[in-house]
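**Student:** predicted model and sequence follow; I will ask about them next.
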Amino acid sequence: MATVEVDIKQLLEAGAHFGHKTSRWHPKMAPFIYTKRGGIHIIDLVQTVARLDTALDFLAQTTTSGKQVLFVGTKKQAQDIVKQLALDAHMPYVTERWLGGMLTNWNTIGGRVKHLKELENRMASGELANKYSKLEVQRFQEEIDSMNVIYGGIKDMNSKPGAVVVFDVIADANAVREARKMRLPIVALVDTNADPTTITYPIPCNDDAIKTLQLIADYMKQAVEAGKAKAKKPETDKEKTVVNA
């Protein structure tokens, strides 16, 4: 039984089947294309459901094992959706600019994150207010705010997430490149203008329509939560055994 029940009708209503203009297609997406209509490629939603099922099962398995999922979506229409998904699922995210080395040079990035956390702790404890002038404290706060824009979503990320989810493989090609270099599994929405062979778990669908992005995000949230719930269940069973004994 699938981790999450994917409804093909919902995908259809969300416009997940609409690809790009036929002139902009990537030949390697051919197996996922159903037909052409008005100069636009139409994606085969039967295959979308099958691929999405597999991807969701993998995400659930990842969170069951206690690993984190890094969600990436820096494209304008995806930013709010991806951020809310990550916050609801208590997972790391990148929705602003992808900084080179976020995965491949974690020592440097991790150092900046550590600095941010230290500043926040010193600000919260009142240490900065007691030690510096109001103007200096204001500058510290501005530095914290600025760093949070860049690093806020990965403050609590482990050095190596169990998976990377990308909502646009072209817009976030650098994230895909670094994940591949680190040999991390990638789950990604892949439209008709992208290469699906670079993705571990490609989901052929429209990656521009807000309704589609929101629907896929909702499915992913369910999968992550299902995985977490499964991870907690064995501990509960053990506790019951101890109590009964």
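**Tutor:** That came through, no problem. These numbers were taken from a predicted model, which means no experiment stands behind them.

**Student:** can you map out the strands along this structure?
**Tutor:** Along the chain, counting by DSSP state E, strands occupy 18-21, 33-37, 40-43, 69-72, 93-94, 163-166, 186-190, 201-204.

**Student:** what is the mean pLDDT for the fifth one?
**Tutor:** In this case it means strand 93-94. For strand 93-94, mean pLDDT rounds to 98.

**Student:** and the fourth one, by the same measure?
**Tutor:** Summarised as a single mean, pLDDT over strand 69-72 is 98.

**Student:** same deal with the second one?
**Tutor:** For strand 33-37, the mean per-residue pLDDT is 97.

**Student:** then that strand to CSV, C-alphas only?
**Tutor:** Extracted C-alpha coordinates of strand 33-37, given in CSV (Å, rounded to 0.1, in the frame of the first residue of the first chain):
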residue,chain,number,x,y,z
ILE,A,33,5.0,12.8,-22.7
TYR,A,34,1.5,11.7,-23.6
THR,A,35,0.7,14.0,-26.6
LYS,A,36,0.9,17.5,-28.0
ARG,A,37,-1.9,20.1,-27.8
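
**Student:** next, the buried residues of that strand.
**Tutor:** Residues of strand 33-37 classed as buried: 33, 34 (neighbour count, 16 or more other CB atoms under 10 Å). C-betas here are computed from N, CA, C, even on glycine.

**Student:** same check on stretch 65-77?
**Tutor:** Quick answer for stretch 65-77 (16+ other CB under 10 Å): 68, 69, 70, 71, 72, 73, 74, 75, 77.

**Student:** likewise stretch 19-33?
**Tutor:** Going by 16+ other CB under 10 Å, stretch 19-33 has these buried residues: 19, 20, 25, 26, 29, 32, 33.

**Student:** correct me if wrong: the third one contacts residue 41.
**Tutor:** In other words, residue 25. Yes. Using CB atoms under 8 Å, residue 25 is in contact with residue 41, at 5.6 Å.
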